[in-house]
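Colleague: how would this look folded up:
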Amino acid sequence: MLDALRVAFTAAGYTAESIARPRRLYRFLAGTEADAAGDLDERLAALVTLFALGERIPLAVAQRALWPARLEEIQETGLVSLNGPWVIPNNLLLPHRHLLIAGDGHRPGDPNFVSSFSEPSLTLARLTPRVAARSMLDLGTGSGVLALLGAEHCGRVTAVDINARALMFARFNARLNKIPDIELLEGSWFEPVAGRRFDLILGNPPYVVSPDREFAFRDSGLQGTALLDGLVRQTAEHLELDGLGILLCSWPHASEDDWVDAPRTAVAGTGCDALIFCHGTLDPLDYAVSWNTPPVRFLSPDSLRETVARWLGYYTDIGARALSYGAVILRRRMTGTPWLSSWRAACAPGDRAPEQLIRAITGHDLIAVDDDALLARRFSLPDGIDVTQRFAQRQGRFLERPAMIGLDEGLGVTAAVDADVLDVMFACDGRRTLSENVGRFAERRGMPADSLAHLVTVAVRELLRHGLLDWALGRALVGDGADPP
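Modeller: Here you go, the predicted model:
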């Protein structure tokens, strides 16, 4: 029956792209006479209305839309109920890439609410390198979407959640998408996997900094930075040597300028390399309002004011004048001294983010070598590089500013390099050594090769640190944790 259900959705063209506009219209026009799915063909409109918008449709329309699946069999799964001439959705069923993911629909105020997937879970999916790993842990799996994606490139996948309802959805979604052998464990944090280690750990925990314990998907009940500290420490303890941990998190701090202090303290002493990404910083009022208004919660105006006032009082008590959110990425070293980098990202990660993340991790292993070793290597610029060059007018002259280099659809971070090295960097195609390229352009410019070489090695280190330079084809997911030769 589940195979037939997938056939019906595929035949109707039920994709993330086809449901995006109707869902957006519905979010803002629900309760009006507007029909969010009105411009779709009948079959797709029926499936969108039922499983993407969570609204009832006529029985006869549902039967036609769901063929070759039988409505009676679908009812047995619990996805829908029959009420006279109407089919009532009990859950949403949303597409992500090639998957169909079931989750809760309209359940305002339910502390055990499970979404099909959320924007944070999609952010984490976009950060995850899709390369082979022996084992993976999905911490706080929810509907199981990250575990299902991970099963395609990891030999053994374990998913943990404290919410039994979440594990029910994860189990169903594994069946629906024909992905067997995911280990589903109920329990708090790392307790169900005590003593075990993993090559890849993904964490999308209830990271919201709040005084509440109400919602399993949002509230940890831990004060201040306690969740961040504990999550980072326990993740490091459960990583295999050379393993990778990618954690979404949020943390309070005393001012906008000290945003990196809390995550830097959390990763200290873990024995792991660390990349700290800040995707945004909010003041306490904006943070409290954003986490207590629709579609997160449906509060009356008075209740919303009371809740926001209570949250603001909590932030005052813990000394939080700003709250940041982002990701902490850990790589457990095999040898050598751990490194740490921290960046403010200008945007959310895109489709090229996993490859840039791999390059940043392996690039950090290389930047400590001496200049001669760098100059002897071959480098190439990855696809999608974006270079912005600015000029500043000073006393009638236009002066070159450092060039800003980023990656389209990447991690959202940029590196500043001296504009004088751009022609050398553009010539990096993996065929010549860096020294050879320096020699070519130094001669053309009539400048000492040593002077240009110094500028170039400074730029190369900056690009390697930001994952904006390829330096070894066929390199593994992460380095071996030791300084390269």
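
Colleague: So what touches stretch 175-184?
Modeller: Stretch 175-184 is contacted by residues 2-3, 5-6, 99-100, 102, 141, 144, 147-148, 151-152, 156-159, 161, 167, 170-171, 174 when judged by CB atoms under 8 Å, 6 or more residues apart in numbering. In this view, the C-beta of every residue, glycine as well, is placed from N, C-alpha and C.

Colleague: Any of those buried? List them.
Modeller: 2, 5-6, 99-100, 102, 141, 144, 147-148, 151, 156-159, 161, 167, 170, 174 (16 or more other CB atoms under 10 Å).

Colleague: can you map out the helices along the stretch 151-300 of the chain?
Modeller: Under the criterion DSSP state H, counting those that start in this stretch, helices of the stretch 151-300 of the chain are mapped to 164-176, 226-237, 261-267, 284-290.

Colleague: Just name whatever secondary elements the last one is in contact with.
Modeller: Contact here means 3 or more CB pairs under 8 Å, 6 or more residues apart in numbering; DSSP states H and E; on that basis helix 284-290 packs against helix 301-317, strand 322-332.

Colleague: I'd like the distance from stretch 443-451 to the chain centre, please.
Modeller: 44 Å (CA atoms, centre = their mean, to the nearest Å).

Colleague: Contacts only, for Leu71.
Modeller: Leu71 is in contact with Leu59, Ala62, Gln63, Val80, Leu82, Val87, counting by CB under 8 Å, 6+ apart.

Colleague: With respect to Ala449, which of those is nearest?
Modeller: Distance to Ala449 across the contacts of Leu71 (CB to CB) is lowest for Val80, with 72.4 Å.

Colleague: quick one, what contacts the closest one?
Modeller: Going by CB under 8 Å, 6+ apart, Val80 touches Leu50, Ala62, Leu71, Ile74, Val87, Ile88, Pro89, Asn90.

Colleague: Buried ones from those, can you make that a ChimeraX selection?
Modeller: The ChimeraX command for the buried members of these (criterion: 16+ other CB under 10 Å) is given here:
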select :50,62,74,87,88,89
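
Colleague: now the contacts of Val80 as TSV including pLDDT and secondary structure?
Modeller: Formatted as TSV, the contacts of Val80 follow (pLDDT from 0 to 100; DSSP: H, G, I helix; E, B strand; the rest coil):
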residue	pLDDT	secondary structure
Leu50	91	helix
Ala62	90	helix
Leu71	88	helix
Ile74	88	helix
Val87	93	strand
Ile88	93	strand
Pro89	92	strand
Asn90	92	coil
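
Colleague: got JSON lines for the contacts of Val80, with distance to Arg23 too?
Modeller: Below are the contacts of Val80 laid out as JSON lines (distance: CB to CB, whole Å):
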{"residue": "Leu50", "distance to Arg23": "13"}
{"residue": "Ala62", "distance to Arg23": "19"}
{"residue": "Leu71", "distance to Arg23": "23"}
{"residue": "Ile74", "distance to Arg23": "21"}
{"residue": "Val87", "distance to Arg23": "19"}
{"residue": "Ile88", "distance to Arg23": "19"}
{"residue": "Pro89", "distance to Arg23": "14"}
{"residue": "Asn90", "distance to Arg23": "18"}
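
Colleague: where in the chain is pLDDT low?
Modeller: 29-34, 38, 108-109, 216, 294-299, 472-485 (pLDDT under 70).

Colleague: any idea how it splits into domains?
Modeller: The chain resolves into domains spanning 2-89, 99-363, 368-465 when parsed by automatic domain parsing.

Colleague: so how far does the second one reach from one end to the other?
Modeller: As for domain 99-363, its first-to-last residue distance stands at 33 Å under the measure CA to CA, to the nearest Å.

Colleague: Strands - which of the contacts of stretch 175-184 land there?
Modeller: Using DSSP state E, Leu99, Leu100, Ala102, Arg156, Val157, Thr158, Ala159, Asp161 are the members of these that sit in strands.

Colleague: Could you pull up the contacting residues of the first one?
Modeller: It stands for Leu99. Leu99 sits next to Val145, Leu148, Leu149, Asn173, Asn177 when contact means CB under 8 Å, 6+ apart.

Colleague: and with 6 Å instead?
Modeller: Taking CB atoms under 6 Å, 6 or more residues apart in numbering, we find Leu99 in contact with Leu148, Asn177.

Colleague: now it, which residues is it bridged with?
Modeller: On the basis of DSSP bridges, Leu99 is bridged to His96.

Colleague: what's the spacing between it and Phe426?
Modeller: Per CB to CB, to the nearest Å, Leu99 is found 40 Å from Phe426.

Colleague: Next: Val145.
Modeller: 40 Å.

Colleague: Check Asp371 too.
Modeller: Distance, Asp371 to Phe426, using CB to CB: 20 Å.

Colleague: from memory Thr158 sits against Leu137, does it?
Modeller: Yes. Using CB atoms under 6 Å, Thr158 is in contact with Leu137, at 5.1 Å.

Colleague: tell me the SS of the closest residue to Pro354 other than its chain neighbours?
Modeller: With sequence-adjacent residues excluded and distances taken as CB to CB, 6 or more residues apart in numbering, Pro354 is closest to Pro129, at 4.3 Å. Under DSSP: H, G, I helix; E, B strand; the rest coil, Pro129 falls in the coil class.

Colleague: Tell me where the stretch 1-150 of the chain has helices.
Modeller: Applying DSSP H, counting those that start in this stretch to the stretch 1-150 of the chain gives helices spanning 2-12, 16-29, 42-47, 59-66, 71-77, 119-127, 145-150.

Colleague: tell me the most buried of those helices?
Modeller: Of the helices of the stretch 1-150 of the chain, the one with the most neighbours on average (mean count of other CB atoms under 10 Å) is helix 145-150, at a mean of 27.

Colleague: What is that one packed up against?
Modeller: strand 133-139, strand 154-161 (3 or more CB pairs under 6 Å, 6 or more residues apart in numbering; DSSP states H and E).

Colleague: what's the angle between the lengthiest strand in the chain and helix 119-127?
Modeller: The single longest strand within the chain, with elements called by DSSP E, is strand 239-253. Using axes from the mean of the first three to the mean of the last three CA atoms, to 10 degrees, the direction of strand 239-253 lies 140 degrees away from that of helix 119-127.

Colleague: where's the residue nearest to Pro354 relative to Cys154, distance?
Modeller: Distance, Pro129 to Cys154, by CB to CB: 11 Å.

Colleague: what about these two, which has more around it?
Modeller: More neighbours surround Cys154 than the other of Pro129 and Cys154, with 23 against 19 (other CB atoms under 10 Å).

Colleague: For the more buried one, give its distance to Glu183.
Modeller: According to CB to CB, Cys154 and Glu183 sit 11 Å apart.
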